[in-house]
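Trainee: Got a predicted model here, sequence first, then my questions.
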Amino acid sequence: MTENTHKNGDTPGNKDSLFDTDYVVGQDNVEGSFGPFSFDIHNRVFLVSAAITVIFIILTLLFPGTAGQVFQAVVNFSIKTLDWYFFIVVNLYLFFCLALVVSPYGSVRLGGKEARPSYSYLSWFSMLFAAGMGIGLLFFGVLEPVYHTTVSMPLNTPSPFSEGGELISENIAEARKMGLAGTFLHWGLHGWAIYALMALSLAIFTYNKGLPFSIRSSFYPILGERVWGWPGHVIDVLAVFSTLFGLVTSLGLGAQQANAGFNYVFGLEISLTTQITIIVVVTAVALVSVWRGLDGGVKVLSEINMITAFLFFLFVLFAGPTLTALATVGEGMLSYVREIVPLSMPFGREDDAYREDWSAFYWAWWISWSPFVGMFIARVSRGRTVREFVVAVLLVPSLVIFIWMGVFGGIALEQVFTDPQNSLVKANVIDSYSPELSLFGMLNELPFPRIVSTIAIILTLIFFVTSSDSGSLVVDTITAGGKTDAPVPQRMFWATAEGMIAIALLVGGGLTALQAGVTATGLPFSLVLLAMCYSVWKALASEPR
């Protein structure tokens, strides 16, 4: 049993008897060693999570056909039957965050009245930006603006192409605006409100109330001391699987895109075998990164990735039609502001494909990622007031993503509309729908396409490694009862599990299976986030302002 971290009463601002507890981080943990493998785990959470993970992997690999049918049924129920539910809860998360900004509770400081930020605004904003970067921007940066503009048609905007594939110029302007608005909806305020809620809850209960750095701590106002028992175990197990399946969806998409890139640059076959090989190799690299630790592993890779991503973005911006790309960013933001309310509504529109296959899936994906990103944001935000925290988390990453998506999407749309007969983007997105090839189709029409495409592949693979490394740290923190210094082999176990789950899902149904994993965990975890709204409000009410 360990008692090496804080208990209630160690930080300023937690004098309210509502949060008095003698619980010590790690007091329920089991420590020991098994050969070279040392462990320090919350045995109930770890064993249940690990056992279910192993059983899921084995059954999916043994019975891929049956698994595929189950995955399809999960998708149909979650995002086609309950799409309205995801819209409602995500709107509630955003309204709650905005209410905190304008309420008196906005002046509460994370860590207590005397706490001060550990990072400058520039460093803090950079880390928020890093939290928003990932495989998704590379996979969807070209695909989504083009798809919504020409195929999905949010709010039933007329397509700029006729039935015969000919361009209808009078429809282009409105279709582009709605396509960008639909894209920005999925990457803007609603999604970041989910992360802000999770991160704020973790920060308040850890820094201000002195409770363990764990999801269950947020439920102390509701469950009291029972939060350290089975109700808390269930919450943490849900958080584990939410994180795992949110991550492996990105890993699966990354493997598909890397495979497409290798096919484009080197002629490597696009196949399930190739994608599994990529996952195995990249997971092995992630294990090395985990073994080297935060400073020697993920930190170095993250810095390399950020610099490379920035240079990659600048090249695309200036090698393509720069003014058109920048104009598309502004146009997209204006359209987003204008259309955010109607696009956020769950009813009253006929575009079921957009609402179900895109929006509901995205909301489930953001919810699944919330423990992962929320923990990271909470760790770097001590000393900020609630108001500046919420405003920064909502706006800074959203603006960066809008610029990225606007530039990549704007250049791709210009290629589609300028020369639709020869556009590889049109061929991959509109004609054959090969989403993993959309980015490389756009890069093909820029200078040095092979070199730049190779850089895109490298970016995808490094995002893969850093996501796996960081995700294994988050899952290990949860299964270690809130400890952040658990033995490295535990993180290696979870990094391996992430790769195996990604393989299992690809074998069991590809993209449909990836969607099923996200929605199956996002649905129950959405209830956890709703309860967090009450807990955060209760905690803030007890804080001095």
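Mentor: The structure has been received and is ready for your questions.
Trainee: Convert stretch 277-288 to CSV, retaining C-alpha atoms only.
Mentor: Provided in CSV are the C-alpha atoms of stretch 277-288 (Å, rounded to 0.1, in the frame of the first residue of the first chain):
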residue,chain,number,x,y,z
THR,A,277,1.8,-4.7,-40.2
ILE,A,278,1.8,-0.9,-39.8
ILE,A,279,0.0,-1.2,-36.5
VAL,A,280,2.4,-3.8,-35.2
VAL,A,281,5.5,-1.8,-36.2
VAL,A,282,4.3,1.5,-34.9
THR,A,283,3.1,-0.1,-31.6
ALA,A,284,6.6,-1.5,-31.2
VAL,A,285,8.0,2.0,-31.7
ALA,A,286,5.5,3.3,-29.1
LEU,A,287,6.7,0.7,-26.6
VAL,A,288,10.3,2.0,-27.0
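Trainee: what pLDDT, on average, does that stretch get?
Mentor: Averaged over stretch 277-288, pLDDT sits at 87.
Trainee: Ok, stretch 461-475 next?
Mentor: What stretch 461-475 shows for mean pLDDT is 80.
Trainee: cool, stretch 152-165 as well?
Mentor: Stretch 152-165 comes out with an average pLDDT of 71.
Trainee: again, but for stretch 252-264
Mentor: The predicted model assigns stretch 252-264 a mean pLDDT of 88.
Trainee: Please enumerate residues in contact with it?
Mentor: When contacts are defined by C-beta atoms under 8 Å, 6 or more residues apart in numbering, stretch 252-264 is touched by residues 135-136, 138-139, 268-271, 274-276, 278-279, 282, 434, 436-437, 439-440, 444, 453-454, 456-457, 460-461, 463-464, 467, 502, 505-506, 510-511, 513-514. C-beta here means a position set from N, CA and C on the backbone, and glycine is covered the same way.
Trainee: Tell me the buried residues in the helix or strand hosting residue 101?
Mentor: Following DSSP states H and E, one finds residue 101 within helix 83-102. Neighbour-count burial for helix 83-102, counted by 16 or more other C-beta atoms under 10 Å, picks out 83, 85-94, 96-97, 100.
Trainee: Looking at those residues, spot the one nearest residue 245.
Mentor: Closest to residue 245 out of the buried residues of helix 83-102 is residue 86 (15.5 Å), distances taken as C-beta to C-beta.
Trainee: what pLDDT does the closest one get?
Mentor: We have a pLDDT of 93 for residue 86.
Trainee: so it makes contact with residue 360?
Mentor: Yes: counting by C-beta atoms under 8 Å, residue 86 sits close enough to residue 360 to count as a contact (4.6 Å).
Trainee: so what sits against both of the two?
Mentor: Any residue near both residue 86 and residue 360 by C-beta under 8 Å, 6+ apart counts here, and that gives residue 79.
Trainee: What sits closest to residue 206 if chain neighbours are left out?
Mentor: Counting by C-beta to C-beta, 6 or more residues apart in numbering, the nearest residue to residue 206 once its immediate chain neighbours are dropped is residue 213, at 4.8 Å.
Trainee: can you give me phi and psi for the one you found?
Mentor: Dihedral angles phi and psi of residue 213 (degrees, to the nearest 10) take the values phi -80, psi 70.
Trainee: Show me which of the contacts of stretch 252-264 are buried.
Mentor: 135-136, 138-139, 268, 274-276, 278-279, 282, 434, 436-437, 439-440, 444, 453-454, 456-457, 460-461, 463-464, 467, 502, 505-506, 510-511, 513-514.
Trainee: can you tell me which of these are in helices?
Mentor: Among the buried ones among the contacts of stretch 252-264, the ones falling in helices (DSSP state H) are 135-136, 138-139, 274-276, 278-279, 282, 439-440, 453-454, 456-457, 460-461, 463-464, 467, 502, 505-506, 511, 513-514.
Trainee: sorry, back to before: out of the buried residues of helix 83-102, which comes closest to residue 306?
Mentor: Nearest to residue 306 among the buried residues of helix 83-102: residue 97, at 26.3 Å, using C-beta to C-beta.
Trainee: Which residue comes closest to that closest one once chain neighbours are left out?
Mentor: Once flanking residues are discounted, residue 97 sits nearest to residue 193: 4.6 Å by C-beta to C-beta, 6+ apart.
Trainee: Could I get the contacting residues of that neighbour?
Mentor: Residue 193 is in contact with 90, 93, 94, 96, 97, 394, counting by C-beta under 8 Å, 6+ apart.
Trainee: let's see 7 Å
Mentor: The contact partners of residue 193, taken as C-beta atoms under 7 Å, 6 or more residues apart in numbering, are 93, 94, 97, 394.
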